[in-house]
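In: no sequence on this one, just coordinates:
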């Protein structure tokens, strides 16, 4: 990516645009290098993650996600659900640090997603380490969208309005422990598509992320100095499937191991409605169709509606505590 960051119109910049487009049209996953994020920020956020999971469980539980209508906080092992099955991971969810939005009667329910994070009192440096890394990843996210815009034959700023001056990103700091006993499902997190624009994963050296390519599961083996990057359903739908939101999962590590990963979901603003991209003819003929084929899980046009639908399904404890009045629509699919 470094050539593109140095000059989008340079030879290296154009080569990156072509390579990125091919990766996102083909497998839908790639390793990203040359992204410009200082390695000490990666080390800092990973160190903060390990320090958090080393806290006593009672201290982690003080940050329970069920306390937050913004879906920010700690989830204990087995309390998040993917495709109806429990994931074997614990995590701390965060987002843009801001006051809770003022929500009035009649306002969309997704406005409740905006608000403050929960941080552990015993780790005062964690907040700054995490937020600094998130800000650096925002810069990467904007650059990726601009490279994709060029690759799709659009103006370089085609997607800017969805994420500038702000988006609504989501961070997961995740620990996958080994499973034991007769109830071992092997599911760290179940097979799924991502829902937004672009996702980045900082992995430790323990594998487990698997990507479905050509009907087979392929290991995304950790590579030092890289982020694993993939796309969400909004870009797939907007390009009629030319860009791919690829299914993936994480399997539990072997006995005696644990996996730590930092997943950053570079989302658009919650009010964003992504319009179809008019592809050049030579790209349009390769578009596969972009709608999620599951009739029980339609892709809603407004990102806030779509994302709230997913969060309510994944965290029934938060839904019961803060969204008992909400009935998600199923109309408005792309």
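Out: Happy to help now that I have it. Here the structure is a predicted model, which is why all the values come from computation and not from measurement.

In: surely residue 101 touches residue 111?
Out: Yes - assessed by CB atoms under 8 Å, residue 101 is found in contact with residue 111 at 4.7 Å. Where you see a C-beta, it was placed from the backbone N, CA and C, and this is true even at glycine.

In: does residue 277 belong to a helix, a strand or coil?
Out: coil (DSSP: H, G, I helix; E, B strand; the rest coil).

In: if you could redo that for residue 92, that was the one I meant.
Out: Under three-state DSSP, residue 92 falls in the strand class.

In: what about it, how many neighbours?
Out: Residue 92: 26 surrounding residues under other CB atoms under 10 Å.

In: that one against residue 68, yeah?
Out: No - between residue 92 and residue 68 there is no contact under CB under 8 Å: 11.2 Å.

In: quick check: neighbours shared by these two?
Out: Taking CB atoms under 8 Å, 6 or more residues apart in numbering as the contact rule, residue 92 and residue 68 both touch residue 118.

In: which residues does residue 180 contact?
Out: Residue 180 neighbours (CB under 8 Å, 6+ apart): residue 255.

In: looks to me like it is in a strand.
Out: No - checked against three-state DSSP, residue 180 lies outside a strand; its state is coil.

In: in terms of secondary structure, what does the strand or helix carrying residue 18 contact?
Out: Here residue 18 sits within helix 11-25, counting by DSSP states H and E. If contacts are counted by 3 or more CB pairs under 8 Å, 6 or more residues apart in numbering; DSSP states H and E, helix 11-25 sits against helix 2-6, strand 29-32, helix 126-151.

In: can you pull the buried residues of the first one?
Out: Buried residues in helix 2-6, counted by 16 or more other CB atoms under 10 Å: 3-5.

In: for the chain, which spans come out with low pLDDT?
Out: Residue ranges of the chain with pLDDT under 70: 183, 290-298, 328-334.

In: the residue nearest the centre of it - nearest residue in space that isn't next to it in sequence?
Out: Closest to where the C-alpha atoms of the chain average out (CA atoms, centre = their mean) is residue 265, at 2.7 Å. The shortest distance from residue 265 to any non-neighbouring residue, by CB to CB, 6 or more residues apart in numbering, is to residue 170 (4.3 Å).

In: so what sits opposite that neighbour in the bridge?
Out: Beta-bridge pairing for residue 170 (DSSP bridges): residue 95, residue 265.

In: could you give the number of residues near it?
Out: Residues near residue 170, counting by other CB under 10 Å: 23.

In: let me know whether it touches residue 267 as I believe.
Out: Yes - if you go by CB under 8 Å, residue 170 and residue 267 touch, sitting 6.0 Å apart.

In: got any residues that touch both of those two?
Out: residue 196.

In: what's the first-to-last distance across stretch 245-253?
Out: In stretch 245-253, first residue to last residue: 25 Å (CA to CA, to the nearest Å).

In: now do the buried residues in that stretch.
Out: The neighbour-count check on stretch 245-253 (16+ other CB under 10 Å) flags 245-253 as buried.

In: now stretch 57-68
Out: For stretch 57-68, by 16+ other CB under 10 Å, it's 60, 63-68.

In: what's it in contact with?
Out: Here stretch 57-68 makes contact (CB under 8 Å, 6+ apart) with 52-53, 71-76, 90, 92-93, 115, 118-120, 122, 315, 317-318, 321-322.

In: now do 6 Å
Out: The contact list for stretch 57-68 (CB atoms under 6 Å, 6 or more residues apart in numbering) reads 73-75, 118, 317-318, 321.

In: for stretch 309-321, same thing?
Out: With contact meaning CB under 6 Å, 6+ apart, stretch 309-321 is reached by 65-66, 71, 80-81, 195, 323, 328.

In: how long is it from one end to the other?
Out: Taking CA to CA, stretch 309-321 runs 15 Å from one end to the other.

In: circling back: which one of the buried residues of helix 2-6 sits closest to residue 277?
Out: residue 4 (19.6 Å; CB to CB).

In: so residue 112 touches residue 69, yeah?
Out: Yes - using CB atoms under 6 Å, residue 112 is in contact with residue 69, at 4.7 Å.

In: export the buried residues of stretch 245-253 as TSV, with columns for distance to residue 283 and secondary structure.
Out: Formatted as TSV, these follow (distance: CB to CB, whole Å; DSSP: H, G, I helix; E, B strand; the rest coil):
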residue	distance to residue 283	secondary structure
245	17	coil
246	18	coil
247	23	coil
248	24	strand
249	29	strand
250	32	strand
251	34	strand
252	39	coil
253	39	coil
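
In: for these, which one is nearest residue 215?
Out: The closest of the buried residues of stretch 245-253 to residue 215 turns out to be residue 247 (CB to CB; 10.6 Å).

In: ok, now which ones touch that closest one?
Out: Contacts of residue 247 (CB under 6 Å, 6+ apart): 191, 193, 212.

In: change it to 10 Å
Out: 28, 190-194, 210-213, 217, 230 (CB atoms under 10 Å, 6 or more residues apart in numbering).

In: now render those residues as JSON lines, adding distance to residue 136, neighbour count and secondary structure.
Out: What follows is the contacts of residue 247, written out as JSON lines (distance: CB to CB, whole Å; neighbours: other CB atoms under 10 Å; DSSP: H, G, I helix; E, B strand; the rest coil):
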{"residue": "28", "distance to residue 136": "24", "neighbour count": "23", "secondary structure": "coil"}
{"residue": "190", "distance to residue 136": "30", "neighbour count": "18", "secondary structure": "strand"}
{"residue": "191", "distance to residue 136": "30", "neighbour count": "15", "secondary structure": "strand"}
{"residue": "192", "distance to residue 136": "26", "neighbour count": "16", "secondary structure": "strand"}
{"residue": "193", "distance to residue 136": "26", "neighbour count": "19", "secondary structure": "coil"}
{"residue": "194", "distance to residue 136": "20", "neighbour count": "23", "secondary structure": "strand"}
{"residue": "210", "distance to residue 136": "27", "neighbour count": "18", "secondary structure": "strand"}
{"residue": "211", "distance to residue 136": "25", "neighbour count": "18", "secondary structure": "strand"}
{"residue": "212", "distance to residue 136": "30", "neighbour count": "16", "secondary structure": "strand"}
{"residue": "213", "distance to residue 136": "29", "neighbour count": "16", "secondary structure": "strand"}
{"residue": "217", "distance to residue 136": "31", "neighbour count": "13", "secondary structure": "strand"}
{"residue": "230", "distance to residue 136": "19", "neighbour count": "24", "secondary structure": "strand"}
